[in-house]
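Visitor: please work out how this folds:
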Amino acid sequence: QVQLVESGGGLVQAGGSLRLSCAASGRTFELYAMGWFRQAPGKEREFVAAITLSGGSAYYADSMQGRFTISRDNAKNTVYLQMNSLKPEDTAVYYCNSYSSAWNLAARRGAYWGQGTQVTVSS
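Guide: I've put the predicted structure just below:
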């Protein structure tokens with residue numbers, strides 16, 4: 001089992017920034033990659049970004065490219081999501097997730113999930 005705990009959400013004005021963190025514990029040796037999804041009210045959960053833990057290759061949803069940056073600190077088993085130029089439409093619950101293989105990453109099939117952290121962007 002792997003446990004994922006998110007932090008860093010909150011309320012921010014449009015144009016502002018937030019940094020989310022996700023700390024992994026447990027069987028972290030199983031992890032190939034970690035990333036983020038988000039779910040806005042009334043919408044399906046959507047992929048945001050992911051990063052491989054070994055090579056640091058990063059992947060982004062097109063709408064987040066250029067505004068969001070994902071990074072990792074392997075010594076801390078922690079992944080970060082730096083979000084800049086936030087828009088009201090970025091308001092959502094952001095979930096951290098993990099991937100156990102390259103195939104699962106390509107399929108966006110997460111193995112473990114955090115409980116989510118709320119991000120609210122006011123206009």
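Visitor: any chance you could list what contacts the helix or strand bottoming out on mean pLDDT in the chain?
Guide: Within the chain, confidence by mean pLDDT, DSSP states H and E is lowest for helix 102-106 among all helices and strands, at a mean of 93. Helix 102-106 is contacted by residues 32-33, 35, 50, 52, 59, 99, 110-111 when judged by C-beta atoms under 8 Å, 6 or more residues apart in numbering. Glycine gets a C-beta too; all of them are placed from N, C-alpha and C.
Visitor: following that helix, which helix or strand comes up?
Guide: Scanning forward in sequence from helix 102-106 by DSSP states H and E, the next helix or strand is strand 112-113.
Visitor: run the chain-centre distance for the least confident helix or strand of the chain.
Guide: Offset of helix 102-106 from its chain centre (C-alpha atoms, centre = their mean, to the nearest Å): 16 Å.
Visitor: list the buried residues for that helix?
Guide: Residues residue 105 are the ones in helix 102-106 that count as buried (16 or more other C-beta atoms under 10 Å).
Visitor: next one: stretch 76-87
Guide: The neighbour-count check on stretch 76-87 (16+ other C-beta under 10 Å) flags 77-81, 83, 86 as buried.
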